[in-house]
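*Asks:* What would the 3D arrangement of this be:
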Amino acid sequence: MKQMIFAACLAVAATGAMAGDNGLIRKDSARGVTETVDAMATAMEGAGLTIFARVDHGAGAASIGDDIGASQLLIFGNPKVGTPAIKDDPVSGLYLPLKVLVYEDTMGATKIVYEEPAEMLGKLGGVPENAAYLKTMAGALAKFTDMVAN
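*Replies:* Coordinates of the predicted model:
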């Protein structure tokens, strides 16, 4: 029992994140939205991941004369990791590639948010809860968001 509690505390401390009951991991960044996403994308590409898209929600809102503040979604992945998930459950393709949202909150602070892969894919029913790729995905998300978080 003590080992389980220690492991859980270690996992939370290692990510420096706050997870809600909805599976979202939230972190703060001392950098602005663009700088945070730039740094993450550069690190991901340097590690061999593919950046599939960068969606600028803030620019989209500005294009219709509205203001939601800075908000960007980074879509990235590695087919070697995602393909086994899609083979286990084809509906996994709805959630993959992975995504990280970086946005400016109403107080001007930069926030990083992503969904825990086991939570996200586990609700499908075809993805085994002990699948090695879930740990790989979670590790990559934690690593790259921790690099840019406070």
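*Asks:* quick one: buried residues of stretch 90-102?
*Replies:* Buried residues in stretch 90-102, defined by neighbour count with 16 or more other CB atoms under 10 Å: 92, 95-102. The C-beta positions use only the backbone N, C-alpha and C, and glycine is treated the same way.
*Asks:* Then stretch 67-83?
*Replies:* In stretch 67-83, counting by 16+ other CB under 10 Å, buried: 70-74, 76-78, 81-82.
*Asks:* What of stretch 114-133?
*Replies:* Within stretch 114-133, judged by 16+ other CB under 10 Å, the buried ones are 114-122, 127, 131, 133.
*Asks:* Restricted to strands, list the buried residues of stretch 90-102.
*Replies:* 98-102 (DSSP state E).
*Asks:* Now for the buried residues of stretch 114-133: which two are most distant?
*Replies:* Longest distance between any two of those is 18.1 Å, between 114 and 131; criterion CB to CB.
*Asks:* what are the ranges of the strands in this structure?
*Replies:* Under the criterion DSSP E, the chain carries strands at the ranges 18-19, 24-29, 50-56, 71-77, 98-104, 110-115.
*Asks:* Take the buried residues of stretch 90-102 and lay them out in CSV including pLDDT and distance to residue 58.
*Replies:* As requested, those are arranged in CSV below (pLDDT from 0 to 100; distance: CB to CB, whole Å):
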residue, pLDDT, distance to residue 58
92, 97, 29
95, 96, 24
96, 97, 25
97, 97, 21
98, 98, 21
99, 98, 16
100, 98, 15
101, 98, 12
102, 98, 10
